[in-house]
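Asks: Show me how the following folds:
(one chain, ligands or ions: 1)
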Amino acid sequence: MKRRDALKVIGGTFAGLTVADRLGGYFTKPAYAEEKPAFHKDILSAPGGKRVVIIGGGFSGVSFANTLRELAPDAEIILLEKNPFFVSGPSHIDYSVGMKKLEDAVRSYYPLREKGVKVIKTEVGGILPEDNKVMTSKGNITYNYLLVSTGIRLADEEILQLSEHPAYNAHSWELEGTIELRRRVESFKGGKVVVSVPSAPFKCPPGPYETACLLDEFFKKKGVSAEVVVADANDKPQPPPLAQKWLTVFEKKGIKYMPNNKVVEVDGANNQLVTDKGEKIKYDLVTLIPPNKASTLIKESGLGDPFADVDPTTFKSKKFGNIFGTGDCAKTPYTKSAYTAFYEGKNAAHYAAIGMGYSVKEPVPIHNICYPYASSTESLLIRVDWEKDGKMLKATADDPKTDYRDSRAAWESTLLKSLFGA
Ligand SMILES: Cc1cc2nc3c(=O)[nH]c(=O)nc-3n(C[C@H](O)[C@H](O)[C@H](O)COP(=O)(O)OP(=O)(O)OC[C@H]3O[C@@H](n4cnc5c(N)ncnc54)[C@H](O)[C@@H]3O)c2cc1C
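Replies: Modelled structure (predicted):
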């Protein structure tokens, strides 16, 4: 069966309302009958040739929207975001050990609305590239240009027992898990703490090692006896230019590092992780970062597998000329980070504007700057520069310093200010 036929069948089931009909009463009220077909019809008028739809209001989606608003003042820009507010990934780590409040990490989308970007809170369930349409939980939307900036999907299903028992784990790769991790960290009474790292690529490559360092410091300060262990699916700490720096930091702190330990099962009933070699790692507190993949939308729409295949200069899809892909969901040589996502969104907006006929200069190539925590008072430095075509020019790494810790605080607030004005 062709995909489009399958969609018709799904549509038929919705229209049939078999279960709802059986429930009767509420479901047969006229109000519901009016809402029913919304999933199948276009919810906006036909686009006028300059409608740009963005799926995902994270670092790259918002950066793209802001930049395009400036470069293409008469374009219609529509941002589709499933969450009610923006969440800054880098702040998750701070929050999990009590270094930040939740409100520091979130921002409202209202500043974008005030600039004339139409922000619609909805989840996109499908992309039909041949029809220039996206299917959302509110109905379909037709576009002239599309940006896919959906970030990472955490593939819980690749860790045995995890989808069935999410409470076996708490990690800071999404907001809900971060809140739970903080609760567990605060009530921890001591024992073995395991930080499990997935195979690269994953978002924020230094993140799991920062988590290990901050947990170690948190428990030492609190007088809680904890042995911190990093079980890494990779052969060295990430990103590779920081590998030796991390190993030195771990040695000084007494953090145990276990390379080539890919976790494939979390057995919460027995407090143990199981690796692909069948080895068991016992824990009293675990924070397991599941494999990082892109949204299934990307594979299903033929944009790439598992990440969207894009040109590293223009971020244009290699398959569809009016679709762009940026940030963590794209297959590029760039780090999966907030900083690169921000600049990728900016650069993609330049090429989208050029494609729409605006007279716009080519943007500068992507670079990344990051200040990973070695402790709450010291950060490392990693800077990577790429050429326009994505070839790496140089990578610079430096030891932990208090200056870098200060730079980190300024770094995140500057990014957030340029996205939201505050
Ligand atoms: C703990 C942690 C620490 C980090 N530390 C750093 C750091 O120090 N430095 C750094 O540079 N980066 C850091 N990062 C990484 C950074 O947050 C990400 O790389 C960045 O957010 C990627 O931006 P993005 O736009 O690609 O995706 P995101 O910012 O993840 O945004 C994707 C958006 O798409 C939305 N979305 C997804 N699917 C749909 C759908 N179907 N319909 C509608 N909306 C959808 C999501 O709700 C989300 O808002 C960290 C991340 C974490 C988790």
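
Asks: Show the pLDDT at the residue nearest to Ser317 when sequence neighbours are not counted.
Replies: Excluding its sequence neighbours, the residue lying closest to Ser317 (C-beta to C-beta, 6 or more residues apart in numbering) is Ile323, at 4.1 Å. To be clear about C-beta, it is placed using only N, CA and C from the backbone, and glycine gets the same treatment. The per-residue pLDDT reported for Ile323 equals 98.

Asks: could you measure Ile323 against the ligand, distance?
Replies: Distance from Ile323 to the ligand, counting by C-beta to the nearest ligand atom, to the nearest Å: 15 Å.

Asks: Enumerate the beta-bridge partners assigned to that residue.
Replies: Assessed by DSSP bridges, Ile323 has beta-bridge partners Leu146.

Asks: wait, it sits on Leu146?
Replies: Yes - between Ile323 and Leu146 there is a contact at 4.7 Å, judged by C-beta atoms under 8 Å.

Asks: which of those two has more neighbours?
Replies: Leu146 (26 against 23; other C-beta atoms under 10 Å).

Asks: Touching, the more buried one and Pro47? I think so.
Replies: No - if you go by C-beta under 8 Å, Leu146 and Pro47 don't touch, sitting 11.0 Å apart.

Asks: Quick check: neighbours shared by the two?
Replies: Counting by C-beta atoms under 8 Å, 6 or more residues apart in numbering, Leu146 and Pro47 have no common neighbour.

Asks: can you tell me the residue of the stretch 101-250 of the chain closest to the ligand?
Replies: Nearest residue of the stretch 101-250 of the chain to the ligand (C-beta to the nearest ligand atom) works out as Gly151 at 2.6 Å.

Asks: Could I get the pLDDT score of that residue?
Replies: Listed pLDDT for Gly151 reads 98.

Asks: who are the neighbours in contact with the residue nearest to Ser317?
Replies: Here Ile323 is in contact with 129, 145-148, 303, 316-317 (C-beta under 8 Å, 6+ apart).

Asks: mind giving me CSV with the residues you listed and columns for pLDDT and distance to Ile55?
Replies: Listed next are the contacts of Ile323 as CSV, based on pLDDT from 0 to 100; distance: C-beta to C-beta, whole Å:
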residue, pLDDT, distance to Ile55
Pro129, 96, 12
Tyr145, 98, 12
Leu146, 98, 7
Leu147, 98, 7
Val148, 98, 5
Leu303, 98, 11
Lys316, 98, 16
Ser317, 98, 13
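
Asks: so which two of the residues you listed are the farthest from each other?
Replies: For the contacts of Ile323, the farthest-apart pair by C-beta to C-beta is Tyr145 and Leu303; their separation is 14.2 Å.

Asks: what's near enough to touch the residue of the stretch 101-250 of the chain closest to the ligand?
Replies: Residues in contact with Gly151, defined by C-beta under 8 Å, 6+ apart, are 56, 58, 203, 295, 327-329.

Asks: ok, and the most crowded of those residues?
Replies: Highest neighbour count within these: Gly327, with 34 neighbours (other C-beta under 10 Å).

Asks: Check that one and give its pLDDT.
Replies: At Gly327, the pLDDT value in this model is 98.

Asks: Next: Ala422.
Replies: On the pLDDT scale, Ala422 gets 88.

Asks: which residues does it contact?
Replies: When contacts are counted by C-beta under 8 Å, 6+ apart, Ala422 touches 107, 111, 416.

Asks: So which of those sit within helices?
Replies: Judged by DSSP state H, the subset of those located in helices is 111, 416.

Asks: Filter the contacts of Ala422 down to the buried ones.
Replies: 107, 111, 416 (16 or more other C-beta atoms under 10 Å).

Asks: interface residues of the stretch 201-350 of the chain facing the ligand?
Replies: Contacts of the stretch 201-350 of the chain with the ligand, taken as C-beta under 6 Å from any ligand atom, map to 203-204, 207, 295, 297, 327-329, 336-339, 341.

Asks: Let me see the contact set for the closest residue to Arg51 other than its chain neighbours.
Replies: Spatial nearest neighbour of Arg51, excluding adjacent residues (C-beta to C-beta, 6+ apart): Glu76 at 4.5 Å. Glu76 sits next to 47-48, 50-52, 118 when contact means C-beta under 8 Å, 6+ apart.

Asks: Tell me the most packed of those, by neighbour count.
Replies: Tallying neighbours with other C-beta under 10 Å puts Val52 at the head of the contacts of Glu76, with 27 neighbours.

Asks: what's the closest non-adjacent residue to that residue?
Replies: Among residues not flanking Val52 along the chain, Tyr145 sits closest, at 4.5 Å (C-beta to C-beta, 6+ apart).
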